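Asker: I need the structure of the sequence given here:
(chains A and B)
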Amino acid sequence: MYKILAKENLYAFFDALENMGKVYGPVKVGGSTYDFREAGSLDEIDLTYTRTMIPPKKFFVKPKETIFEFDEKMEFKEQPSNGEVNVILGLHPCDINALKILDSIYMDETPDKYYIQRRESSFIIGVSCTPDEYCFCKSMGTSYAQDGFDLFLHKIDKGYLVRIGSEKGYKMINDNKSLFEDAKTEDIEEFKRNERERMEAFKLELNVSGIQDMLDVSYDDPVWKETAEECFGCGTCNLVCPTCRCYDVIDYIGLSLKSGERVRRWDSCMLRRHGLVAGGLNFRPTRVERLRNRFNCKGSLTDGSLNCVGCGRCTVYCPAEISFVEVIKKVRGEL
Amino acid sequence: MVEDNVLAPTPAKVLKSENMTEIEKHIELELLDKEFVKGFVYKPGQFVKVGVMGVGEAPISICAARKKEDILELCVRKVGRVTNAIHRLKVGDTLWIRGPYGNGFPMEEMEGSDLLLVAGGLGIAPLRGVLQYALINREKYGTITVMYGIRCYTSMLWRDEFLKLFYEGDKNNVEFYLSYEDSSDKQCYELQCERSDRCMQGVVTKLFELKEVTPEKTYAVICGPPIMYKFVVQELMKRNFEPKKIYMTLERRMKCGVGKCGHCIIGSGKNIKYVCKDGPVFTYWDALNTKGMI
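Answerer: Have a look, this model is predicted:
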C-alpha cells in the first residue's frame, strides 16, 4: 500500500505521532554527530542525516538495564515494563535490516521477554537516505527495507511516498486519513527514479560472494595479526554496530545488604574478559583472536542474513581508522 | 519464578554439600517450585545456570542421571566468584537455577554400542551422568570403558564410587581405567601395583596402551580440560574412529545460556556455533568444520 504524505502535512503528521507515544528521531548533537533523541517538535529532527553514532538497537537492547530486583524476602522480581509506546522516526534501511537480525536472535525459540515487550510497543518509521563514502549496504543486500517497519517514508518532491509495512502502520494511516493522499503514477515513477539514482550513488563496494568460506579459509591469515596491531581493542566497533548485541550480567547489592538488582549491559567481544572463564583460561586470549572472532561473527549468517548490514559505523568511529571493508578485501586477497 | 521469562531463576534448596576434594564439592539440590519441576527434564551432558543472589550465575554441568524429578546433582569446583559463593552455602540454604540448557549427549543414538568415556579431572562430572544413565539402562549398551585421568589420589572425585567400579566393575561389564600424573603419589602407585592392567602413571591417553578399543561398535565420549581434547582425538583417529562417533562437551564463558549474550560463540564465518545452545556437546566432525572448537 502506497500513500503520499505532502510536505505541508508533515507537522500534522508529527503531531499525530506524538499522540501515539514518545517520538524519537535523528537529532544533530555535535558537528556531524547524530543521535536518536526524544524530539519535542519536527524542527529538532533532521531526516536528511547520514547516520547516528549509536544505532537504534539502543531502544530494544538497552545499554544498561535492571532485569530483576531482589530483596531479603529472597525473591527475584521482574522489572515491569512501563508500557510506553516509542515512536522511532527516521530509521535507514540498514538499521531496519539490522533490527530484523536482532529479532531473529532475541525472538527465537527462547525469546527474551524484555526485548519482545519493547519491540511490540514501538512504532518504526523508516526514511530513505543517500549513501556517503562509508555506506556499503548495497553490497550487503540491506540497502532496501522490504519489511521490519510500520511505515517507510521515501523522499519525493512533494513530500514523501509512504509504504505501509504493518497493520499498525495501516491503522495509523487510517486514523489520520486527512494527512494522506493516494499515490499517483507520477509519484511512483519519481520513487523509482530516486531509488535508481540512489543505487548509482554508492561509492563503496564489498564483494560478499562466498565470504563465509573466504573467512574460514583465512582463519590463520596474517591479516588478523596485522590488523590487530593497529587495533586499540577499545570496543567502539561493538557499541556502534547495529547488530552487535553481546551482553554481560552483573549482580549489584544495595548498601543495606538486604536488596539488590541483577543488571545486564552491553558487552564487547573486543575486550579481554569476553572469552575469559573462571580459573583464568581465556578462549580468545589476544587481540588477534578477538578481532578475528568479530569479523567472522559479522561475516556469518543469522537466518540466512549476513550479520553485517554495511552501515559503515565501525569504520567511521574506529579511533584506529580500521576500515571494515578494507580488512575483508585483504582477507579475500583483493588488496 | 517469573512466568515466560527465560532469564528468571527458580529456587533450589541445598540438601547436601560434601567436600570431595579441597576444591570440589558434590551438591545435591531440591527444586522447590513443583510447577517448574514438571517441565524440568534433563539429559546427561546438559547444564544449568546456578545463581547465588547478589553474586551472579555460573554454568555448571549436571553430574548425575535423572532419578528423582525434583533432585539435581552438581559438582562445583571453587574457582571463581560464584563458585566460591556456592561453596559457602550450607545445607538448607537456597540457590537459584535456570535450565536445563544445551543439547546433552545422544543417549538414544548410542544404544546398542560400546561406550568409551574419557575424562580428565573435573571432566568426569558430566560423564558421570552418562555412566549412570547407561548403568540404569544397562541392557541398552555394550561394554562400558571408563578412562579417568587424575592428578593424584586426593584429587579423585567420587573416590569411593569410582574405586568400587575400578575393582568390581567387570561384573557388570564396566572396565574402569585410571591414570595419575603425580609420579610420587603412593596411593595411586599402590593401585597400579594391584591392578597394573587398569592403572598407569601418566596422562589419560597413556591408558590407550592398556585397552584395545574397537571403533566399529564404539562411541567415544570425552570431557576434560581444553588441552586434552586434541590428544584424545589423536588416539581415537589412530584407531580409525568415525569423527561422528566421537562426542565431546566444551566449556566457554556463558551469561545467558540461551544463545543471546554472545560470549560462547566459536567458529568462522562459515560455521558459527553457540556452545550454550548448539552444544555444549559436539562431535569431532563438528570440530573439523568449526574453527577454534578444540
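
Asker: helix/strand/coil for A:Gln212?
Answerer: The local conformation at A:Gln212, judged by DSSP: H, G, I helix; E, B strand; the rest coil, is helix.

Asker: likewise for the one 4 residues further on?
Answerer: Secondary structure, three-state DSSP: A:Asp216 is helix.

Asker: if I pick it, what's in contact with it?
Answerer: Shown in contact with A:Asp216 (Cβ atoms under 8 Å, 6 or more residues apart in numbering or on different chains): B:Ser268, B:Gly269, B:Lys270, B:Asn271, B:Lys291. In this view, the C-beta of every residue, glycine as well, is placed from N, C-alpha and C.

Asker: most widely separated two among these?
Answerer: Maximum pairwise distance among those (Cβ to Cβ): 9.3 Å, between B:Gly269 and B:Lys291.

Asker: pick out whichever of the two has more residues nearby.
Answerer: Each of B:Gly269 and B:Lys291 has its neighbours counted (other Cβ atoms under 10 Å in any protein chain shown); B:Gly269 has more, 27 against 21.

Asker: so who does the more buried one touch?
Answerer: A:Ile211, A:Gln212, A:Asp213, A:Met214, A:Leu215, A:Asp216, A:Phe295, A:Asn296, A:Cys297, A:Gly299, A:Ser300.

Asker: just flag the most distant two among those.
Answerer: Among the contacts of B:Gly269, the pair separated by the greatest distance (Cβ to Cβ) is A:Asp213 and A:Cys297, at 15.7 Å.

Asker: check residue 203 and give its pLDDT.
Answerer: Assuming you mean chain A. In this model, A:Lys203 is scored at 96, pLDDT.

Asker: my question was about chain B, not that one.
Answerer: Per-residue confidence (pLDDT) for B:Val203: 97.

Asker: show me what contacts residue 115?
Answerer: No chain specified, so I'll use chain A. Residues in contact with A:Tyr115 (Cβ under 8 Å, 6+ apart) are A:Phe60, A:Val61, A:Leu102, A:Tyr106, A:Met107.

Asker: wait, chain B
Answerer: B:Val130, B:Ala134, B:Tyr141, B:Gly142, B:Thr143, B:Ile144, B:Thr145, B:Thr218, B:Tyr219, B:Val221.

Asker: turn the contacts of A:Asp216 into TSV, including distance to B:Val233.
Answerer: Listed next are the contacts of A:Asp216 as TSV, based on distance: Cβ to Cβ, whole Å:
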residue	distance to B:Val233
B:Ser268	19
B:Gly269	24
B:Lys270	21
B:Asn271	18
B:Lys291	15
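
Asker: point to the helix or strand of chain B where mean pLDDT is at its lowest.
Answerer: The helix or strand of chain B with the poorest confidence is helix B:34-38; it has a mean of 92 (mean pLDDT, DSSP states H and E).

Asker: would you map the helices across chain A?
Answerer: All helices of chain A, identified by DSSP state H, fall at A:10-20, A:93-106, A:113-120, A:137-140, A:167-175, A:185-200, A:211-217, A:222-230, A:236-240, A:287-299, A:313-316, A:324-331.

Asker: enumerate the residues of the stretch 51-200 of chain B near chain A.
Answerer: Neighbours of chain A within the stretch 51-200 of chain B, by Cβ under 8 Å from any Cβ of the partner chain: B:53-58, B:79-83, B:94, B:96.

Asker: whichever of those residues end up buried, select them in ChimeraX.
Answerer: Per 16 or more other Cβ atoms under 10 Å in any protein chain shown, the buried members of those correspond to this ChimeraX selection:
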select /B:53,54,55,56,57,58,79,80,82,83,96
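
Asker: chain center to whichever strand or helix holds B:Glu235: distance?
Answerer: According to DSSP states H and E, B:Glu235 maps onto helix B:228-238. Chain-centre distance of helix B:228-238: 18 Å, with Cα atoms, centre = their mean, to the nearest Å.

Asker: quick one: name whatever helix or strand follows it.
Answerer: For helix B:228-238, the succeeding helix or strand toward the C-terminus, using DSSP H and E, is strand B:246-249.

Asker: strands paired with the helix or strand just after that following strand, and their directions?
Answerer: Using DSSP H and E, the helix or strand that follows strand B:246-249 towards the C-terminus is strand B:265-268. Using DSSP bridges, the strands paired with strand B:265-268 are strand B:271-274 (antiparallel).

Asker: please save the CA atoms from the least confident helix or strand of chain B in PDB.
Answerer: The C-alpha coordinates for helix B:34-38 follow below in PDB (Å, rounded to 0.1, in the frame of the first residue of the first chain):
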ATOM      1  CA  LYS B  34       6.900 -28.000  42.000                       C
ATOM      2  CA  GLU B  35       5.200 -26.500  38.900                       C
ATOM      3  CA  PHE B  36       8.700 -25.800  37.500                       C
ATOM      4  CA  VAL B  37       9.700 -29.400  38.200                       C
ATOM      5  CA  LYS B  38       7.000 -30.700  35.800                       C
END
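
Asker: give me the buried positions along that helix.
Answerer: For helix B:34-38, the neighbour count (16+ other Cβ under 10 Å) marks B:Phe36, B:Val37 as buried.

Asker: if we can go back for a sec, got a ChimeraX select line for the buried ones in the contacts of B:Gly269?
Answerer: In ChimeraX, a selection of the buried entries from the contacts of B:Gly269 looks like this (16+ other Cβ under 10 Å):
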select /A:211,212,214,215,216,295,296,297,299,300
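
Asker: A:Glu230: which of the contacts of B:Gly269 is nearest?
Answerer: Using Cβ to Cβ, A:Phe295 is the member of the contacts of B:Gly269 that lies nearest A:Glu230, at 13.3 Å.

Asker: which non-adjacent residue is nearest that closest one?
Answerer: Among residues not flanking A:Phe295 along the chain, A:Val327 sits closest, at 6.3 Å (Cβ to Cβ, 6 or more residues apart in numbering or on different chains).

Asker: would you agree A:Lys3 is in contact with A:Gly159?
Answerer: No. Here A:Lys3 does not reach A:Gly159: they are 10.3 Å apart, not a contact under Cβ atoms under 8 Å.
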